[in-house]
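>>> Fold the following for me, if possible:
(chains A and B)
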Amino acid sequence: MALNPFFLQGSSSEQFLMQDLINEQLKIYGIDVYYLPRKILNLDDVLREAETSKFDDSFLIEAYLDNYEGYAPGSDIMSKFGLRLKNEINLIISKERFEDFIGPFISGLNQGLVDKTLTGFETLLAKRPSEGDLIFFPLGERLFEIKKVEFEKPFYQLGKNYVFELQCELYEYENEVIDTTIDVVDNTVEDEGYITTLNLSPSTNTNAEATASIGDGIVSRIILNNDGYDYTSEPTVTISAPTIGITATAVAITTSVGNANSLESIVITNAGSGYATTNPPTINISGGGGVGAAATAVVSNSGVRLLTMDEEGSEYYLTPTVTIDGPVGLGETATARTVLNDGKVTLQIVNAGFGYTEAPSVNISAASNVSAAGTFLYNETVTGSLSGTTAVVRSFEVLRGPGISTENPPRTLRVAINSGQFSAGETITGSESSAVYVLKSYDNNSYEDSYDENEEFEIEADSILDFTEKNPFGEY
Amino acid sequence: MLGTYFYHEIIRKTIIGFGTLFNDIYIRHQNKDGSIADETKVGLSYGPTQKFIAKIQQQSDLNKSIAITLPRMSFEMSGIQYDPSRKTSVTKTFKTNDANDNIQKVYMPVPYNISFELSIYAKLSDDALQIIEQILPYFQPSFNLTIDLVDSIGEKKDVPVVMDNIELQDDYEGDFSTRRALIYTLRFTAKTYIFGPISDSTEGLIRKVQVDIYTDTDTKNAKREMRYTATPDPITANPGDNYGFDEDWEFLGDSKSYSPTQQLDI
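Numbering: from 1, shown residues only, chains lettered A, B, ... in the order given. Prediction:
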């Protein structure tokens, strides 16, 4: 027997006393910090990286700050990527307190990292703090990541270790969800990362309404005999005048496939009157940068001569559909198309039909079936109805200011951690608040990250670069 | 000797052209079920900056709560070298029109190679690989940018951007006091052209060509037989216009010769 049997090298009662004294000292001289365990949502088994993580639990624990002289000098580094903060802290927490009050709650989390059976975030290292977990440090409201957990310092006093030393460095953020329900913790990343802006509709909109008038000797449709080529903009369409009557007007619609530009169709804005069915007018197409287009007009009686907008509507973000009631008895139903401009609707006649004895009804689909209402909550998930894109809410603002309607102001929703791109006209719904709004426009420029120059380069380059075909890297 | 002020912003435009190649790159992360968890546009900036601007832009709130947001890309111009392989005659000039149709005389540009370093800083190796894979296929090993280098004369030049090499730095070894740093550095060379001063041409546009034809090469003693003149039709046509020519043959048969200075037959 090597040790002297007449002396105790640390009895359990001495060890308990030591632990209690340390716990008491930490409660007197420490500060309260939040411990945020990492939940790994997806682990790349090949490259061995936590591809997605979230931090949605928090545990308050007292810790002694071992940086009595503050952060090391020179912690703010100017790098080629901009400012990089390398602030480090060492925190000392009680081993017993951690094992009793935090360990049981996170037991099993990330255990899959060890036994390689990770099946989701229901996996954790317990018993000890983990590297990769976060500490919210209230002095300065900063997030630190644990780089190393030192558990043998001081080295086995009375045969046991009593504290963990957490060596931490300021957190490098990349789209992780931090949703602990403690505002001061969650707000640390409110303005960080890739944040995009959803411009939402006001809560009310107006539906478009139109009436039709009918007439004889009208240009009922225009047949495009040759769609021409190189029409980069809409050419002017001129219809010859009748002997007596109103001259019909029409506009051309262009289309393009790849680099080929041609006319898609010619639609009527006013079908005129006084034309003879046996002597249709001539169609002249000029301008637009192209050549070769040719069209002929068809004249009919008892067709829709004009579609008059009684109400242009407001807050239309998706092109609405329009139908015109058919004639009573024999005839052909008129068809029209809608044109959207700044949320307002106008109509153009595609085919004026024939056989109408009275003016038919014009039916334009509603601006939105959604009753926009509610207030989105921080960190809740929102979903786009058409794109299926999800994102996490960072802020929801009601716009106020000169020239903005106070009764019906537009709203702005800032979101992060998007699963894709949103599209205008879809409905945005909050998962917790059930707030619902229609998306007016989507801005995928990173919000408030004034250091990024993605947009600035694009604006400058537009005037000096010649991507005659297309920028293969994509247009910003 | 030097001192005629001119600044075409050619190097600045080359920087913009280079930067715009990489300003729309996204990365994605997946959930366990394969669905997309998040999609992020990778921030890009020109690295060199005044320090106070970087500090104000990135730490306007003194209590910045995190170290940095990732991934990020940064690039900088790292050198300018003369490229003798693209050298042209130093006295060669060409004429072109400015926006007001005034004729400008321009010396042939001087070929210079501008070196760029594009750095990619990612938190995950997979993030960096996603970015790299979206860049590499376009460089075989060069990608042509057509840049309007001198806007006053509308001189568009093809500037090949050649990828020279890729360097990978992944500091994952060592003790736990330092964090893993994952940085890819891609080096490029942009083969651009530097233009000198551009001046109004005193020579003007040639609007008439006149050729006197002699019976012998000894023009002092030989008899002048014919004169050929050609003028654009219309005479007011500019180089970019659609115009024809008026040609005229005149039989002279005299012993005079044409004086260019007096513009007379003497």
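>>> So which residues on the stretch 301-450 of chain A come close to chain B?
A:417-421, A:444, A:446, A:449-450 (Cβ under 8 Å from any Cβ of the partner chain). Backbone N, C-alpha and C define where each C-beta goes, glycine included.
>>> The spatially closest residue to B:Ala99 that is not a sequence neighbour: what secondary structure?
Take B:Ala99 and drop its neighbours on the chain: the residue closest to it by Cβ to Cβ, 6 or more residues apart in numbering or on different chains is B:Ser152, 6.9 Å away. Recorded secondary structure, B:Ser152: coil (DSSP: H, G, I helix; E, B strand; the rest coil).
>>> Would you mind checking the residues of the stretch 301-450 of chain A next to chain B for buried ones?
Burial by neighbour count, 16 or more other Cβ atoms under 10 Å in any protein chain shown: within those this picks out A:417-420, A:444, A:446, A:449.
>>> a markdown table for those residues, including secondary structure, pLDDT and distance to B:Ser35?
As requested, these are exported to a markdown table (DSSP: H, G, I helix; E, B strand; the rest coil; pLDDT from 0 to 100; distance: Cβ to Cβ, whole Å):
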| residue | secondary structure | pLDDT | distance to B:Ser35 |
| --- | --- | --- | --- |
| A:Ile417 | coil | 91 | 13 |
| A:Asn418 | coil | 90 | 13 |
| A:Ser419 | coil | 91 | 7 |
| A:Gly420 | coil | 90 | 10 |
| A:Asn444 | coil | 81 | 20 |
| A:Ser446 | coil | 70 | 23 |
| A:Asp449 | coil | 69 | 26 |
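>>> And residue 75, what's its pLDDT?
Unless you meant another one, I'm taking chain A. We have a pLDDT of 84 for A:Ser75.
>>> oops, chain B please
pLDDT at B:Phe75 comes out at 95.
>>> what's the answer for A:Thr375, then?
A:Thr375 is given a pLDDT of 89.
>>> Is it in a helix, a strand, or coil?
coil.
>>> Need phi/psi at it.
phi -130, psi 120 (degrees, to the nearest 10).
>>> what sits against the nearest residue to A:Glu176 once chain neighbours are set aside?
Of all residues not flanking A:Glu176 in the chain, A:Ser53 sits nearest, at 5.1 Å (Cβ to Cβ, 6+ apart). Residues near A:Ser53 by Cβ atoms under 8 Å, 6 or more residues apart in numbering or on different chains: A:38-41, A:176.
>>> so which of those residues would you say is closest to chain B?
A:Leu41 (6.5 Å; Cβ to the nearest Cβ).
>>> Could you give the backbone dihedrals for the closest one?
Dihedral angles (degrees, to the nearest 10) for A:Leu41: phi -90, psi -30.
>>> now do A:Asp227
According to degrees, to the nearest 10, A:Asp227 has phi -80, psi 0.
>>> I'd like to know how far it sits from A:Leu263.
Note on A:Asp227: its distance to A:Leu263, by Cβ to Cβ, to the nearest Å, is 5 Å.
>>> Compare those two (neighbour count), which wins?
Between A:Asp227 and A:Leu263, counted using other Cβ atoms under 10 Å in any protein chain shown, the more crowded position is A:Leu263 (25 against 20).
>>> Contacts only, for that one.
For A:Leu263, the contacting residues are A:224, A:227-228, A:231, A:235, A:252-255, A:285, A:290, A:293, by Cβ under 8 Å, 6+ apart.
>>> Tell me what it is bridged to.
A:Thr254 (DSSP bridges).
>>> Before we move on, what's the pLDDT of it?
Reported pLDDT for A:Leu263: 89.
>>> May I have the secondary structure class of the residue nearest to A:Glu176?
strand.
>>> For it, list each beta-bridge partner.
Judged by DSSP bridges, the bridge partners of A:Ser53 are A:Ile40.
>>> do you know how far it is from A:Phe137?
Using Cβ to Cβ, we find A:Ser53 at a distance of 19 Å from A:Phe137.
>>> try A:Leu465
As defined by Cβ to Cβ, A:Leu465 lies at a distance of 46 Å from A:Phe137.
>>> cool, and A:Val328?
For A:Val328, the distance to A:Phe137 - Cβ to Cβ - is 78 Å.
>>> Near A:Arg128, how many other residues are there?
Residues near A:Arg128, counting by other Cβ under 10 Å: 14.
>>> What ranges does the stretch 151-300 of chain A have for its helices?
For the stretch 151-300 of chain A, the helices defined by DSSP state H, counting those that start in this stretch cover A:183-186.
>>> need the longest helix for chain A.
Longest helix in chain A by number of residues (criterion: DSSP state H): helix A:12-29.
>>> Give me the PyMOL select line for the contacts of A:Leu263, limited to the buried ones.
Applied in PyMOL, the following selects the buried portion of the contacts of A:Leu263 according to 16+ other Cβ under 10 Å:
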select buried, chain A and resi 224+227+228+231+235+252+254+285+290+293
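>>> pLDDT value on B:Ile198, please?
pLDDT, B:Ile198: 82.
>>> Might one say that it is in contact with B:Gly154?
No. Contact criterion Cβ atoms under 8 Å: B:Ile198 and B:Gly154 do not qualify, at 11.6 Å.
>>> Neighbour count for those two, which is higher?
Remark: of B:Ile198 and B:Gly154, B:Ile198 carries more neighbours, 19 against 12, as counted by other Cβ under 10 Å.
>>> low pLDDT regions in the chain?
Here I'm looking at chain A. Within chain A, the segments meeting pLDDT under 70 span A:1, A:108-126, A:203, A:447-449, A:467-476.
>>> Let me rephrase: I mean chain B.
In the predicted model, chain B carries pLDDT under 70 at residues B:1, B:202-204, B:239-240.
>>> Can you give the domain ranges for it?
B:10-200, B:205-265 (automatic domain parsing).
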